[in-house]
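1. what follows is a predicted structure for the sequence shown.
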Amino acid sequence: MHRRTLTPVCVLVAVLQIATPALAQPEPAPAPTRVASPVVRRPVAIVNLDLTGNQDVIDLATDIGRALETHAALRPLGLLAPLYERIDDPDANQIDRARKKESEALIELANGNFENAARLAKEGQGELWSVTPTQAVALYAELAFVRGKALLGDAKAKEARESFSLSQRLDPGRAIDRAREPPDVVAVYDAAKVAPASSGRIAIVNFLGSEKKVSGTVWIDGSEKGFAPNEYVVTAGLHVVWVTDRDRATSGTEIVVTPNGTTIASVPEQSASLTLQLQRARQELARAPDDGAKIVAMKRLAKISGVKDAAVLSLASGKLVYQTWRSDDADRAPGFSPKHERGPRDQPVKVLEDLVPPQIEEDPPGVVFPIPIDDKHWYQKPSYWAGIAFGASLAAVGAYFVISSLLPDTFGGFDTNVGISKPEDRLTR
């Protein structure tokens with residue numbers, strides 16, 4: 001290479017070495033960040049459809065509840081016990097109390113304590129006012145008969161006949177032992193079969209005495225009459241009234257209807273407790289006659305409890321059977337799954353397999369690449385000064401070659417002997 005081109009080229013290379021890193025290496029962008037969504041554990045109800053109180057089913061339900069406590073995707077519903085534990089049937093408890101009162105009344109009656117016998121029989125009837133009418137009518141009829149005998153023994157023939165008449169309306173097929181009963185009891189009992197010629201009306205109101213009509217299904221003397229509020233025409237005399245509904249506590253009272261008038265029946269308006277509502281819905285589901293009724297009952301149970309997923313347990317031929325339920329807004333097909341028989345080695349979590357939500361590979365909303373924001377002034381950016389340096393170096397080198405090509409002798413070569421003077425050189429000049 002010619003000496004006179006060496007210097008510009010070296011300058012250009014040096015400038016490029018300085019400018020190139022600034023041009024080739026822009027400021028690094030922030031690393032992408034993943035926005036992770038929190039894990040939401042779905043609540044699961046455990047529904048025991050075995051109403052016999054089989055301990056194996058209750059134990060399995062308890063074990064499933066424990067498994068839900070530590071499950072990664074599922075959690076137990078807060079209202080578990082009323083759905084899988086043994087049902088403490090309030091009707092059965094009240095019926096037991098009423099039978100005890102009947103036994104006590106019979107003892108008093110045998111001892112000739114007619115007033116006490118009548119009182120105890122009436123108290124037994126009061127125990128049945130909160131019992132489902134269909135479960136109460138037979139025992140109520142027995143207590144009405146005992147009470148009638150006690151009233152007759154206490155010389156209250158009119159009240160005795162009304163009580164006998166109520167007993168016959170409640171249980172028309174009930175027969176008395178005519179050989180063992182006193183003749184006066186048989187005579188008044190037979191006379192009570194003739195219905196009074198006069199009638200009256202029953203109007204049902206809140207037991208607090210307000211004019212607010214109660215709501216629910218009305219039962220009079222054990223027969224369903226319709227939905228309240230309404231007024232009902234009945235024969236004059238003694239009657240028992242119940243009001244029932246799914247969402248209310250069963251309540252009732254006993255009244256004497258006056259002829260050609262309206263008699264007020266004061267019945268408590270009391271909502272059923274959540275536990276009672278759940279147990280009723282559970283019983284309705286267990287006793288559903290077909291698949292359609294079963295789905296309706298399950299939806300009602302889900303609405304009361306607020307659950308969307310459930311593990312449903314039952315017994316079939318003495319073997320534990322389970323299936324799952326999903327609501328309409330679940331991420332899989334709604335409804336009941338097929339039934340599965342539990343194997344001897346199946347762990348409780350196996351019952352929950354169909355309820356585990358599908359796995360999502362990336363947490364929404366996924367990977368987010370933020371756009372870097374450069375808030376520097378133009379004169380503060382390294383790339384600006386690198387560009388100026390690069391452009392200036394190109395201009396200098398270009399100018400050098402242009403001038404060299406136009407004036408080739410303007411820039412002479414370097415003389416290695418510069419500074420050494422010879423006499424002959426001076427003479428020639």
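-> The structure has been received and is ready for your questions.
2. return the distance of residue 67 relative to residue 75.
-> For residue 67, the distance to residue 75 equals 11 Å [Cβ to Cβ, to the nearest Å]. All C-beta spots, glycine's among them, are computed from the backbone N, C-alpha and C.
3. correction: residue 103
-> Distance, residue 103 to residue 75, using Cβ to Cβ: 49 Å.
4. neighbour count: these two, which is higher?
-> Taking other Cβ atoms under 10 Å, residue 103 and residue 75 do not tie; residue 75 has more neighbours (15 against 12).
5. could you check the pLDDT of that one?
-> We have a pLDDT of 90 for residue 75.
6. what does the one 4 residues further on give?
-> Model confidence at residue 79, given as pLDDT, is 68.
7. excluding its backbone neighbours, what's nearest residue 356?
-> Once flanking residues are discounted, residue 356 sits nearest to residue 73: 5.2 Å by Cβ to Cβ, 6 or more residues apart in numbering.
8. hang on, that neighbour packs against residue 44?
-> No - the pair residue 73 and residue 44 fails to qualify as a contact (Cβ atoms under 8 Å) at a distance of 9.8 Å.
9. neighbour count: these two, which is higher?
-> When residue 73 and residue 44 are compared for neighbours, residue 44 comes out ahead with 27 against 15, by other Cβ under 10 Å.
10. enumerate every residue touching residue 128.
-> By Cβ atoms under 8 Å, 6 or more residues apart in numbering, residue 128 lies in contact with 94, 95, 98, 136, 139, 140, 143, 252.
11. could you redo the last one with a cut-off of 10 Å?
-> Counting by Cβ atoms under 10 Å, 6 or more residues apart in numbering, residue 128 touches 91, 94-95, 97-98, 101, 135-137, 139-140, 143, 240, 242, 250, 252.
12. may I have the secondary structure class of the residue nearest to it when sequence neighbours are not counted?
-> Once flanking residues are discounted, residue 128 sits nearest to residue 136: 4.2 Å by Cβ to Cβ, 6+ apart. Of the three states, residue 136 takes helix under DSSP: H, G, I helix; E, B strand; the rest coil.
13. number of nearby residues for residue 136?
-> Residue 136, neighbours per other Cβ under 10 Å, totals 27.
14. what do you get for residue 96?
-> Close neighbours of residue 96, defined as other Cβ under 10 Å, add up to 10.
15. and what about it, helix, strand or coil?
-> Following three-state DSSP, the label given to residue 96 is helix.
16. list the strands paired with the helix or strand where residue 219 lies, with their directions.
-> Element membership of residue 219 [criterion: DSSP states H and E] is strand 216-220. Using DSSP bridges, the strands paired with strand 216-220 in its sheet are strand 223-228 (antiparallel), strand 237-244 (antiparallel).
17. give me whichever of the ones you listed is most buried.
-> Ranked by mean neighbour count under mean count of other Cβ atoms under 10 Å, the strands paired with strand 216-220 are led by strand 237-244, which reaches a mean of 24.
18. overlap in contacts of residue 73 and residue 44?
-> Taking Cβ under 10 Å, 6+ apart as the contact rule, residue 73 and residue 44 both touch 352, 355, 356.
19. what's the neighbour count on the last one?
-> This means residue 356. 16.
20. show the pLDDT at it.
-> According to the prediction, residue 356 has pLDDT 86.
21. run a quick neighbour tally on residue 345.
-> Residue 345 has 6 neighbouring residues, counting by other Cβ under 10 Å.
22. sorry, back to before: so which of the shared contacts of residue 73 and residue 44 belong to helices?
-> With DSSP state H as the criterion, helices contain none of those.
23. mind putting those residues into a markdown table with distance to residue 334?
-> Below are these laid out as a markdown table (distance: Cβ to Cβ, whole Å):
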| residue | distance to residue 334 |
| --- | --- |
| 352 | 17 |
| 355 | 12 |
| 356 | 16 |
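24. residues in contact with stretch 300-308?
-> So stretch 300-308 is contacted by 42-47, 77-80, 82-83, 246-247, 274, 277-278, 280-282, 284-285, 309-310, 312, 325-330, 334, 355 (Cβ under 10 Å, 6+ apart).
25. in ChimeraX, how would I select the buried members of those?
-> A single ChimeraX command selects the buried members of these (16 or more other Cβ atoms under 10 Å):
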select :42,43,44,45,46,47,77,79,80,82,83,277,278,280,281,282,284,285,309,310,312,325,326,355
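26. which of the contacts of stretch 300-308 fall in helices?
-> Applying DSSP H to those, the entries found in helices are 82, 83, 274, 277, 278, 280, 281, 282, 284, 285.
27. from those residues, which has minimum pLDDT?
-> Among the ones in helices among the contacts of stretch 300-308, residue 82 carries the lowest pLDDT, at 84.
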